[in-house]
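# Please work out how this folds:
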Amino acid sequence: MNVMTRPSSKVGRAMKHDRREQMIAEQLQRRDIVDPAVLAAFNAVPREAFVDQEMVEYAYEDGPLSIGYGQTISQPYVVAMTAQALRLRGGERVLEIGAGSGYAAAILSRIAGEVHTIERIPELADAARFRLAELGFDNVFVHCADGTLGWPPAAPYEAIAVAAGAPRPPPTLLHQLTIAAASCCRTATSRCSASSGSHARASRSSSRRTLAMSVSFRSWERKAGR
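Now for the predicted structure:
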């Protein structure tokens, strides 16, 4: 499958805004997505512009879609769950690991002040960078690099979202968080970990609350001198 490198001029005619509103109502609000900022971000970002032209008709289905190179654009609910877990209030600097098509970064950019997103596959990074620029998401910066190392040049971050599976947030990422920041990492068992942090060492004892679709959030305290 060829990765789309330029948003089609037919996208607006092919996918009506009411499909987006239906997705928000049925896939997000009927579950547990209640953050008004997250819901508004989904209403502002055209998901159909982040998939290949032949996949446009499926853009608002309740599942992931292929974007080429063995990668997918995540299910809308998963993107929303991650965004909500970060508890963004506006103006934050956010790091995303796993840019993919750029859709999740676009969502985060409607809430945060600045989003840095890392993609390891050059072709996807180039396509996401071009697409985001063409669509006017000028506060998103795409970097082609190893996501496990984060992006130190723009650190520290108020929040970090990790799209790839991991048993726990990598220490290299935790150390790029500001004090009282939050990190969301989907683990290999399809769980999401919401972490509060500083630049200090992390303690791993915490509470867990289980949400829909067998997804849970785990919080860590990271305090100086501990």
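
# Run through the strands of the protein in chain order.
Under the criterion DSSP state E, strands of the chain are mapped to 65-68, 71-73, 93-97, 114-119, 140-144, 157-162, 177-186, 192-197, 202-203, 208-210, 216-218, 221-222.

# what's the average pLDDT for the longest helix along the chain?
Counting residues, the longest helix in the chain under DSSP state H turns out to be helix 122-134. If you average the pLDDT over helix 122-134, you get 98.

# ditto for stretch 105-115
Mean predicted confidence for stretch 105-115 is 98.

# repeat for stretch 148-159
94.

# Buried residues in it, which are they?
Across stretch 148-159, burial judged by 16 or more other Cβ atoms under 10 Å covers 150-151, 154-159. Placement of C-beta: from N, CA and C, glycine included.

# residues contacting A128?
If you count contacts by Cβ atoms under 8 Å, 6 or more residues apart in numbering, A128 has them with 99-102, 105, 117, 119, 142.

# Tell me the one of the residues you listed nearest R89?
Nearest to R89 among those, counting by Cβ to Cβ, is A105 at 18.2 Å.

# So for that closest one, what's the nearest residue that isn't a sequence neighbour?
Leaving aside its sequence neighbours, A105 sits nearest to T117 (Cβ to Cβ, 6 or more residues apart in numbering; 4.1 Å).

# A145 now?
Per Cβ to Cβ, 6+ apart, closest to A145 is I118, 5.2 Å.

# Quick check: bridge partners of the one you found?
Beta-bridge partners for I118, by DSSP bridges, are I97, H143.

# mind listing what it touches?
I118 touches 95-99, 142-147, 150-151, counting by Cβ under 8 Å, 6+ apart.

# same thing but 10 Å
By Cβ atoms under 10 Å, 6 or more residues apart in numbering, the residues touching I118 are 95-99, 105, 125, 141-151, 162-163.

# can you count the residues close to the residue nearest to A105?
Using other Cβ atoms under 10 Å, T117 has 29 neighbouring residues.

# my guess is it contacts N139, does it?
No: using Cβ atoms under 10 Å, T117 is not in contact with N139, being 11.2 Å away.

# All set, thanks.
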